[in-house]
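[1] Here is my input; please provide its structure:
(chains A and B)
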Amino acid sequence: MKAAVVVFPGTNCEQDAVYALESVGVEAALVWHRATDLSEFAGVVLPGGFAHGDYLRTGAIARFSPIMSEVERLADAGAPVLGICNGFQILCEAGLLPGVLLQNAGLRFICRPVQLRVTSTDSILTRAARIGQILEIPLNSYEGNYATDPATFADLERNDRIVLRYSDPTGAVTAQANPNGSLGNTAGIANRTGNVAGLMPHPERAIESVLGSSDGRVLLESFAMSMSGADG
Amino acid sequence: MGEPLVHQALGMTDDEYEAVCVILGRAPRDAELAMYSVMWSEHCSYKSSRPHLKRFPAEAPWVVVGPGENAGVIDLGDGWLGAFRIESHNHPSFVEPYQGAATGVGGILRDVFTMGARPIAVWDQIRFGSLDDPHNRYLFAGVVAGIAGYGNAVGVPTVGGELAFEDCYAGNPLVNVMALGILRREQLVLAESGGEGTEAVLLGAATGRDGIGGASVLASASFDDTSNAKRPSVQVGDPFEEKKLIEACLELYERGLVIGIQDLGAAGLSCATSEPAAKSGMGMEVDLRRVHVREPGMTPAELLMSESQERMMAFVAPENVDEVLAVAARWEIDASRVGTVSRGGALRVFVNGDLVADVPAASLSEDAPVYHRPLRRPDWLDDLWVDRPVTNELDAAAGLLKLLDEPSLADPAWVYEQYDHMLFLNTVVGPGHDGTLLRIKGTTKALAGTTDGNGRRCYLDPRRGAARLVYEAALNVAVTGARPMAVVDNLNFGNPEKPEVMWQFAETVEGISEACEVLGIPVVGGNVSFYNETDGIDIYPTPIVGLIGLADPYPKRPPRLDRAKAGMDLWLLGPDTSQDLAGSVFQKIVLGTIAGRPAEPSPDIAAQLTGLATRLAAGEIVSVLHDLSEGGLAVAVAKVCIVSDVGVTIDWPGHAFAEDPHRLIAAVHSERSDRMVALADAAGVAAHRIGTFGGEEIRVGRAAVNLERASRVWRTALPRRMGQDSGRRTANATSGHACR
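    Take a look at the predicted model:
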């Protein structure tokens, strides 16, 4: 079964996503945002970039793209749906994940590797990892500052839905290790059923040591496991 | 007294106006005058520089497209080509830093994808006045934000560049951008119109009133206190529109739907109609009413001069026009059929059937005046070249800390971490190192790139300074394991009407040419930016050399600055002379002067050392390989120590901060030193073991600096000045600029 990598006008990480998915054995195909039928796909990745130029607000226009109702249908059916960076922002705008991504606390774009601590394995993004595992993965965003209202955040924590948090190299989740001001150092979350997940860092940029890190593989392998699960 | 005449207001001289009258055999219509004024501007016509640019060596067996097209193209083997070009956006960036820098990125990308290439990387060369002045901080923050805002969103990584601060750039910052693309040979397209009946299809953004006269009144004139009034001449960029345009054009090339294509940059429609037609020996009929516009009521002259961004003119066979329009619709960009190629060589422009311009197409690009401007060696060099012995007692430890705090030498992470430098999964060696190395996936090849400049040295001796830039750039590429292939240059100079400036220009061209000949690499393109002058003060002559190299197979673990380890030996490769302080950063910062004559480079040593560097890096023999440039040995070693987090002890008698040419340092495992020395011997390059890595200090002779202290000074030098100490905090008081 194939994964759909959705391309909005302004998306720019789609080829990287396909390359990385294929490196963990997932067959992936690009699908234009005007498509209205994803029935041949077992999972969806919304890759990074600037969908619709990020105009108005990140993800605010993309959530109305024709393909999004199909993405919602697959999410409701339990298929793995992963949003990376801009894709995470779109999932939040579409209401498939709670919360919003604000401008970074430093008001500057951040492109650099950050350390992440795996804090839950109950998701399509982290099921192949182990709790406490520390991953070095590049961040690449201006609006990466995760925020919710207090009740929503308490619910996320209570239900173990924060799957990745920014940490220092020892795995300590500290204010100093928070690159963008995200609430509770949140770098990635999942929905209640664990099949919809989003993260700001780019696991597809950390799949080969020649480029600096292969720590992102375990996250994409989690997605691959979920794809074969969805197959059955 | 009185209002200037129309042609004068458009930046034309009386003689140029007369020449137009001679060509047409009558007085020009408004729209015609507008076209000549932009096409004959210094920026578009190179009228002062052309006689000199012929000097550049432009040929090599691997050159596919040389100077004169939108970008130079070189053969990378196995059907792969590389296309690259460099451009300046100096004046727009001073008038409006965010949009000026942003549209600079957009413009150079179009030059590259006009050739059929997918743009894969951008390098940024930016120079400002001192950061002690809040206005310079505003310009610096705005330019970086503009490059980030456009480059990140358009989806092309910014992988390297250089940063410098000198007082001479306070009234005239330099913003130069180099872009690189790759393509398969069969996708190469040129700016040709094709034959009679070919249709011209205008793709992309709607045409508006922005950037009118950008090439003439803004880019080709000096600055004074009225410069803010030129803000309407700055274009406004939309990276989203450009991203869609890139994808649409690449699909057109892949499907073979265009005969030729030309981007609309400086001189807008005037250039994109006349140049391709002239190149194909044809004319064209254009209907301005068909141009999709952003605002009503634009005059023909405005439509022809507008520099609205994100537009391309595709030349399409009639039977393919519907397909082209369908591709445009799919990528959600506008397209309009604005003209048809005709025989006879006349460019005829209509509005609602009325003829508003009728000129020989070739006259716009090929009959531009050429000025053999007078040259004069500046008298001030006599004073500057007098040797001044270094009298003050050198405190190397204090000197090193001072230099590490100098913004031009400090950690550039504050800048490059605002740029996406990893997109496309190619970046094997990224920003912060001497050269960038980008792999081409699915092959064994990687492209290396660098851009280098040094205004102080070129001010003291433009010929030597420029030649040394080429040698330095070649080393920066070689230390990644690549072989230097070709050069593009961006020649930033003052007012060409001053004979001293033209002398600097001619000497620079000579220096670049000599060095390129020594290394056997051609100049495949470039850009000239004159009139970098504010209130009568010219900038230092500031050529920027962009150099691209090829590694095949590329090293999986190339040398990097952060790969030194305790126990490794430190070697100096190259001559052990060290006395050249002329124009050095030590001279500027510690001695407070800029004087002397920079050392003459040695062609033999340059070629030998470059070849050795490529072999050492490609063979993965050394862990660190770093060229000694600004700040000399002390700063070069300190940077390696800081980013590798290891100390060093050096025993070496030379001047720690001298900037003699042709020197590298290497960090090597002791068991590999024999191989390194054997290769150096074979290349005829001297190798000296001058130290050992280890400990918590950078020790140079008697001087010692604590590593952690050096690291703190170097890493915080830019954030401290820009109002941000660590990686995370709010409020950048100096920026004050709305950007996404």
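[2] correct me, but A:Ala17 touches A:Ala28?
    Yes. Counting by CB atoms under 8 Å, A:Ala28 is a contact partner of A:Ala17 at 7.0 Å. Every C-beta, even on glycine, is put in place using the N, C-alpha and C of the backbone.
[3] In terms of neighbours, single out the busier of the two.
    A:Ala17 (29 against 20; other CB atoms under 10 Å in any protein chain shown).
[4] Let me see the contact set for the more buried one.
    Taking CB atoms under 8 Å, 6 or more residues apart in numbering or on different chains, we find A:Ala17 in contact with A:Val5, A:Ala28, A:Val45, A:Pro47, A:Gly48, A:Ile84, A:Glu204.
[5] Tell me how far the first one lies from chain B.
    Looking back up the chat, that one is A:Val5. For A:Val5, the distance to chain B equals 14 Å [CB to the nearest CB, to the nearest Å].
[6] And for the last one?
    For A:Glu204, the distance to chain B (CB to the nearest CB) stands at 7 Å.
[7] Does the closest residue in space to that residue that isn't next to it in sequence fall in a helix, a strand, or a coil region?
    Nearest in space to A:Glu204, with sequence neighbours left out and distances taken as CB to CB, 6 or more residues apart in numbering or on different chains, is A:Ala20 at 3.5 Å. With DSSP: H, G, I helix; E, B strand; the rest coil as the basis, the three-state label of A:Ala20 is helix.
[8] What is the neighbour count of A:Ala20?
    29.
[9] right, and it touches A:Gly216 too?
    Yes. Between A:Ala20 and A:Gly216 a contact is recorded at 7.3 Å, counting by CB under 8 Å.
[10] Residues in contact with both of those two, list them for me.
    A:Pro203, A:Glu204, A:Ile207.
[11] Which residue is the nearest non-sequential neighbour of the first one?
    Read that as A:Pro203. According to CB to CB, 6+ apart, the nearest residue to A:Pro203 is A:Gly216 (3.2 Å).
[12] for A:Gly188, same thing?
    Of all residues not flanking A:Gly188 in the chain, A:Leu199 sits nearest, at 3.1 Å (CB to CB, 6+ apart).
[13] Kindly format the C-alpha coordinates of the lengthiest helix in chain A as CSV.
    The helix that spans the most residues within chain A, counting by DSSP state H, is helix A:217-231. Provided in CSV are the C-alpha atoms of helix A:217-231 (Å, rounded to 0.1, in the frame of the first residue of the first chain):
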residue,chain,number,x,y,z
ARG,A,217,14.8,7.1,10.7
VAL,A,218,13.1,5.6,13.8
LEU,A,219,10.2,8.1,13.4
LEU,A,220,9.7,7.3,9.8
GLU,A,221,10.0,3.6,10.6
SER,A,222,7.2,4.1,13.1
PHE,A,223,5.1,5.5,10.2
ALA,A,224,6.2,2.5,8.0
MET,A,225,5.0,0.1,10.7
SER,A,226,1.7,1.9,11.0
MET,A,227,1.3,1.7,7.2
SER,A,228,1.6,-2.1,7.2
GLY,A,229,-0.7,-2.2,10.2
ALA,A,230,-3.2,-0.1,8.3
ASP,A,231,-2.9,-2.6,5.4
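[14] related to what we said a few turns ago, can you tell me which of the shared contacts of A:Ala20 and A:Gly216 lies nearest to B:Lys279?
    Taking CB to CB as the measure, B:Lys279 lies nearest A:Glu204 of those, at 42.0 Å.
[15] isn't the closest one right up against B:Leu425?
    Yes. Applying CB under 8 Å as the test, A:Glu204 and B:Leu425 come out as touching, 7.3 Å apart.
[16] okay, those two: which has more neighbours?
    Shown here are A:Glu204 and B:Leu425; by other CB under 10 Å, A:Glu204 has more neighbours (29 against 24).
[17] any idea which element A:Ala177 lies in?
    Element membership of A:Ala177, judged by DSSP states H and E, is empty: it is in no helix or strand.
[18] any idea how far B:Val528 is from it?
    Distance, A:Ala177 to B:Val528, by CB to CB, to the nearest Å: 48 Å.
[19] go on, B:Pro97?
    For B:Pro97 relative to B:Val528 (CB to CB), the value is 22 Å.
[20] which of these two has more neighbours?
    B:Pro97 (26 against 22).
[21] What segments of the stretch 1-150 of chain B are strands?
    B:63-65, B:72-77, B:80-88, B:118-128 (DSSP state E, counting those that start in this stretch).
[22] So for chain A, which of those strands sits nearest?
    Nearest of these to chain A, taken as CB to the nearest CB: strand B:118-128 at 9.9 Å.
[23] Tell me who's in contact with the closest residue to chain A within the stretch 201-350 of chain B.
    Among the residues of the stretch 201-350 of chain B, B:Phe240 lies closest to chain A, at 2.9 Å counting by CB to the nearest CB. Contact partners of B:Phe240, counting by CB under 8 Å, 6+ apart, are A:Pro9, A:Gly10, A:Phe50, A:His52, A:Gly53, A:Asp54, A:Tyr55, B:Ala153, B:Val154.
[24] Kindly list the main-chain dihedrals of B:Arg699?
    phi -110, psi 120 (degrees, to the nearest 10).
[25] how about the helices of chain A, start to end?
    With DSSP H as the criterion, chain A has helices spanning A:14-23, A:68-76, A:86-93, A:150-158, A:217-231.
[26] Of those, which is nearest B:Ile512?
    Taking these one by one with CB to CB, helix A:14-23 is closest: 36.6 Å.
[27] how far out from the middle of the chain is the closest one?
    The chain centroid and the centroid of helix A:14-23 are separated by 14 Å, computed with CA atoms, centre = their mean, to the nearest Å.
[28] With stretch B:24-32 instead?
    36 Å.
[29] same question, stretch B:539-551
    Taking CA atoms, centre = their mean, the mean C-alpha location of stretch B:539-551 is offset from the chain mean by 7 Å.
[30] Name the residues of the stretch 351-500 of chain B found near chain A, please.
    B:413, B:416-425, B:427-428, B:439, B:441 (CB under 8 Å from any CB of the partner chain).
[31] Counting neighbours, which of those comes out on top?
    Of all these, B:Asp420 has the most neighbours under the rule other CB under 10 Å, reaching 29 neighbours.
[32] Quick check: which element contains the nearest residue to that one once chain neighbours are set aside?
    Among residues not flanking B:Asp420 along the chain, B:Asn152 sits closest, at 4.5 Å (CB to CB, 6+ apart). Assessed by DSSP H and E, B:Asn152 sits inside helix B:134-154.
[33] so what does that helix touch, helix or strand wise?
    Applying 3 or more CB pairs under 8 Å, 6 or more residues apart in numbering or on different chains; DSSP states H and E, one finds that helix B:134-154 contacts helix B:90-95, helix B:97-113, strand B:118-128, strand B:158-165, helix B:239-254.
[34] run the last query once more with 7 Å
    helix B:97-113, strand B:118-128, helix B:239-254 (3 or more CB pairs under 7 Å, 6 or more residues apart in numbering or on different chains; DSSP states H and E).
[35] So which of the ones you listed is the most surrounded?
    Sort these by mean neighbour count, taking mean count of other CB atoms under 10 Å in any protein chain shown, and helix B:97-113 sits at the top with a mean of 28.
[36] quick one, that one and strand B:118-128 angle?
    Calculated by axes from the mean of the first three to the mean of the last three CA atoms, to 10 degrees, helix B:97-113 forms an angle of 140 degrees with strand B:118-128.
[37] sorry, back to before: quick one: pLDDT of the residue of the stretch 201-350 of chain B closest to chain A?
    For B:Phe240, the pLDDT comes out at 96.
[38] Strands of chain A, start to end?
    Counting by DSSP state E, chain A has strands at residues A:2-7, A:28-32, A:41-46, A:81-84, A:100-102, A:110-118, A:134-141, A:145-147, A:162-167, A:186-190, A:196-199.
[39] So what's the gap between the fourth one and the chain middle?
    Between the centre of strand A:81-84 and the centre of its host chain there is 4 Å, according to CA atoms, centre = their mean.
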